[in-house]
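Asker: Give me the fold of what follows.
(2 chains)
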Protein chains: 2
Amino acid sequence: MRQSQLFTRVERNAPKEEVALNAQLLTRGGFIYKNSAGVYSYLPLGWRVIQKISAIIREEMNAIGGQELLMAALHDQHYLKATGRWDVPVVFKVVSGEEKVPLFNMSWTHEEILAEIAAQYVHSYKDLPFSAYQIQTKFRNEPRAKSGLLRGREFLMKDLYSFHASEEDLYRYYAEVAKAYHRVFERCGLKAYYTLAAGGDFTLSNTHEFQVVADVGEDTIYVCEKCDYAENDEVSKLEDGGECPKCGGKVSVKKAIEVGNIFPLGVKYSEAFNLKFKDETGQERPVVMGSYGIGISRLMGVCAELFHDDRGLLWPAAIAPFAAHLIVLPGADATTGAQVRARADALYNQLTAAGIEVLYDDRQELTAGEKFAQADLIGVPVRLVVSPKTGTQVEIKKRSDTITTLVDFNQAEQYCIQK
Amino acid sequence: MRQSQLFTRVERNAPKEEVALNAQLLTRGGFIYKNSAGVYSYLPLGWRVIQKISAIIREEMNAIGGQELLMAALHDQHYLKATGRWDVPVVFKVVSGEEKVPLFNMSWTHEEILAEIAAQYVHSYKDLPFSAYQIQTKFRNEPRAKSGLLRGREFLMKDLYSFHASEEDLYRYYAEVAKAYHRVFERCGLKAYYTLAAGGDFTLSNTHEFQVVADVGEDTIYVCEKCDYAENDEVSKLEDGGECPKCGGKVSVKKAIEVGNIFPLGVKYSEAFNLKFKDETGQERPVVMGSYGIGISRLMGVCAELFHDDRGLLWPAAIAPFAAHLIVLPGADATTGAQVRARADALYNQLTAAGIEVLYDDRQELTAGEKFAQADLIGVPVRLVVSPKTGTQVEIKKRSDTITTLVDFNQAEQYCIQK
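Answerer: This next block holds a predicted model:
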């Protein structure tokens, strides 16, 4: 994409009203816009990152048999009343013009909705197991919406739900999901600890969270430095410097951000929505459910918190908005400038034709320093510069590096493809 | 996808509570689930159709320079109060647990949001023109939500907004969008009339609607049978059987469904959100805006209304959930049955490896008649049957046709690729 066409601009200064670093960096780069506390719009650059993260999640969820759908966001009151969650403080309720009494809540989670849908299709043990997921906006009335994308009142989430004939089968799939989640976070460049956490009213037992260590994290976890075993401090009896109960390694305490969670739900939702099946003996039994979430917009926020330097963002290649940032510096001389522009245009066309996503800073009137500073703020992994000095070649530099190299156009193409 | 894995099932009977044909057909096929009046979930088959339609729209919007983003769904009250739309009856408002007074409305349209965002980035005539769009859920408190996907309280919409230095430039782009819209509807298999319609309070002049002729349509349009000129009856002085003002052809009156609309907004939103630019002379002027919508879930409903026969749906190839529906009929003999299944599996693998999206009815215990009837309800364009009678070949049939042909696997692959 030509940067002259991109309607957002990089902002020199951090936004005054944003406390969280992720919100500052993402706002300055033109990735997000704050509409109100905890409510953001994803601008073209930010939406590209969200789409990259979503594509990774789709691949991994499809690989474990997840069927994608999109469920309703307006939830009729019968759903949450059936499970006693209608008056949970985090629920936003919806009123229409004439009415005073809310009839809907806004989608804050979808166990009730999918349990009712599944009840229409599941009758026999032969219909089980299966899993379904969606990527959708969730709405939660967060009183502490001050952490940018880490804690939103409106945020993007992937939620997967699974349906089983037995607890054993649920836990078999639970382990599969855990592996898929590790792949998702690894592909996003993140190390996530699989962390034992408290069960809620609606779970069979303890649950598990995926926690990424970060100073701004709201959670405290105990992590074994040797085997990565981890517990959330809400359930843990471990101590900082103590011994790992699994391998005897040294445990240390860390601040962390929850990026995913998995819940063995059991039969609570099935019972509320008459989701039953006939087993091999003809006996009717409630379906055993699990639910599994990943905060997609929060993942973008976590990456901004962790992957930056004092010049701006440093996107991992897999979720960067573009693979390469091509900058043309035509220089002062008009004749040379036209030749330099033609060469940069040719490189842009060559890379684009090869399927490489390139942000092309073709803007006039900006100095080299301004273009470089803005590119650093945006944080695309590879920077390419075409100038009077580069001749028929192009200067290549990793965003995370300071070394520049002159390569020819085909080498640049190969380099970007290998990313 | 193996149909034994698909968690939805085809329903023999039409749902009792659905009046609209599109809702009946889509519910029976397992495309949608009704959560409450005018509120639907898109099940795996339906979500595939929605994604196909969305992909077509994205291609066409990107081709005219539209930049994709995703804007907030929770709209702080300052947005609609600034333009006097806070108390529009169609607006759903949001209340949180403790509060009695609504602070947000749910996204019913996004002119206000994007005007405010644009005001942060637009300063000079050099920043114009540009356009941005999103595919997002809209919420409208429809009192008449009885037409299935044709009139929802929650629905999927593509909304594009454009920003210009002059009305002339707006109308230049307006014509480009109209062309792109025609391509979108044609690719979805629909003939849409570009129809003159009434302007609202916030538009420069008349607007245009894209209308698809259908008996269930809520709109009445006058259409020239010769040149396709069309006017909505709200603005029209034409008469059934009268003369076309453009070409002199014969005008006839039709019932129609609005599938898209385009509005020349002018400067109302720019003025409300201080969206100004400096022109070439340094003078500050308000930005001229346009907005352009396509109802994505409604398009799926329109296709169901128009493309079916008495056996079920008939999806156009471009938006069908799958390109081919492969059915295996192993027969009564176990040995032959195993061979037939192996052949069908091989064809499924071959087609899938070639990138063809196949729904594979590998289910046991269903008769040929049941499988055929269910395939007809789902409406995939091409049906492939492997049975003891087909030998090393496969029987191929168009959903819209009754003629079956025996072809070899490679011919079947070629046929599906050409679709």
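Asker: How about stretch A:339-358 and chain B, touching?
Answerer: No: Stretch A:339-358 is not in contact with chain B by C-beta under 8 Å from any C-beta of the partner chain; minimum separation 12.7 Å. In short, each C-beta sits where N, CA and C put it, glycine included.
Asker: Mind listing what's buried along that stretch?
Answerer: Neighbour-count burial for stretch A:339-358 flags A:V340, A:R341, A:R343, A:A344, A:D345, A:L347, A:Y348, A:L351, A:I356, A:E357, A:V358 (criterion: 16 or more other C-beta atoms under 10 Å in any protein chain shown).
Asker: repeat for stretch A:34-42
Answerer: A:K34, A:N35, A:S36, A:G38, A:V39, A:Y40, A:S41, A:Y42.
Asker: Now render those as a markdown table, adding secondary structure and pLDDT.
Answerer: Compiled in a markdown table, the buried residues of stretch A:34-42 are given as follows (DSSP: H, G, I helix; E, B strand; the rest coil; pLDDT from 0 to 100):
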| residue | secondary structure | pLDDT |
| --- | --- | --- |
| A:K34 | strand | 97 |
| A:N35 | strand | 97 |
| A:S36 | strand | 96 |
| A:G38 | coil | 96 |
| A:V39 | strand | 97 |
| A:Y40 | strand | 98 |
| A:S41 | strand | 98 |
| A:Y42 | strand | 98 |
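Asker: Save these as CSV, and put in distance to chain B too.
Answerer: Converted to CSV, the buried residues of stretch A:34-42 look like this (distance: C-beta to the nearest C-beta, whole Å):
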residue, distance to chain B
A:K34, 9
A:N35, 4
A:S36, 4
A:G38, 9
A:V39, 5
A:Y40, 6
A:S41, 4
A:Y42, 5
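Asker: These: which two are farthest apart?
Answerer: A:S36 and A:Y42 (15.0 Å; C-beta to C-beta).
Asker: Neighbours of the residue of the stretch 151-300 of chain A at minimum distance from chain B, how many?
Answerer: Closest to chain B within the stretch 151-300 of chain A is A:E154: 4.9 Å, counting by C-beta to the nearest C-beta. Close neighbours of A:E154, defined as other C-beta atoms under 10 Å in any protein chain shown, add up to 24.
Asker: Name whatever forms a beta bridge with the spatially closest residue to A:L351 that is not a sequence neighbour.
Answerer: Excluding the flanking residues, the one nearest A:L351 by C-beta to C-beta, 6 or more residues apart in numbering or on different chains is A:V358, at 4.8 Å. Beta bridges link A:V358 to A:A324, judged by DSSP bridges.
Asker: if I pick A:V358, what's in contact with it?
Answerer: A:M1, A:F322, A:A323, A:A324, A:H325, A:L326, A:Y348, A:L351, A:T352, A:C416 (C-beta atoms under 8 Å, 6 or more residues apart in numbering or on different chains).
Asker: Show the backbone phi and psi for the residue of the stretch 151-300 of chain A closest to chain B.
Answerer: Recorded main-chain torsions at A:E154 are phi -140, psi 130, according to degrees, to the nearest 10.
Asker: Over to A:F155?
Answerer: Torsion angles, degrees, to the nearest 10, at A:F155: phi -150, psi 160.
Asker: Could you pull out the strands in the stretch 51-200 of chain A for me?
Answerer: Secondary structure of the stretch 51-200 of chain A (DSSP state E, counting those that start in this stretch): strands at A:66-68, A:74-76, A:93-95, A:104-106, A:130-139, A:154-164, A:192-197.
Asker: Can you say which of those strands is packed in most?
Answerer: strand A:104-106 (a mean of 26; mean count of other C-beta atoms under 10 Å in any protein chain shown).
Asker: So which other helices or strands are in contact with that one?
Answerer: strand A:74-76, helix A:77-82, strand A:93-95 (3 or more C-beta pairs under 8 Å, 6 or more residues apart in numbering or on different chains; DSSP states H and E).
Asker: Can you name the residues that contact the residue most central in space within chain A?
Answerer: The C-alpha lying nearest the average C-alpha coordinate of chain A belongs to A:I296 (C-alpha atoms, centre = their mean; 2.7 Å). Shown in contact with A:I296 (C-beta under 8 Å, 6+ apart): A:I50, A:I53, A:S54, A:I57, A:I135, A:F155, A:L156, A:M157, A:K158.
Asker: quick one: strands adjacent to the longest strand along chain A?
Answerer: Longest strand of chain A, by residue count under DSSP state E: strand A:251-266. In the sheet, strand A:251-266 lines up against strand A:207-213 (antiparallel), strand A:219-224 (antiparallel), strand A:288-295 (antiparallel) (DSSP bridges).
Asker: Give me the phi and psi for the residue located most distally from the centre of chain A.
Answerer: Centroid-distance maximum for chain A: A:T335 at 46.4 Å, with C-alpha atoms, centre = their mean. Phi and psi for A:T335, reported as degrees, to the nearest 10, are phi -70, psi -50.
Asker: Tally up the residues packed near the closest residue in space to A:S387 that isn't next to it in sequence, please.
Answerer: Distance criterion C-beta to C-beta, 6+ apart; nearest residue to A:S387, sequence neighbours excluded, is A:L329 at 4.0 Å. Neighbour count of A:L329, defined by other C-beta under 10 Å: 21.
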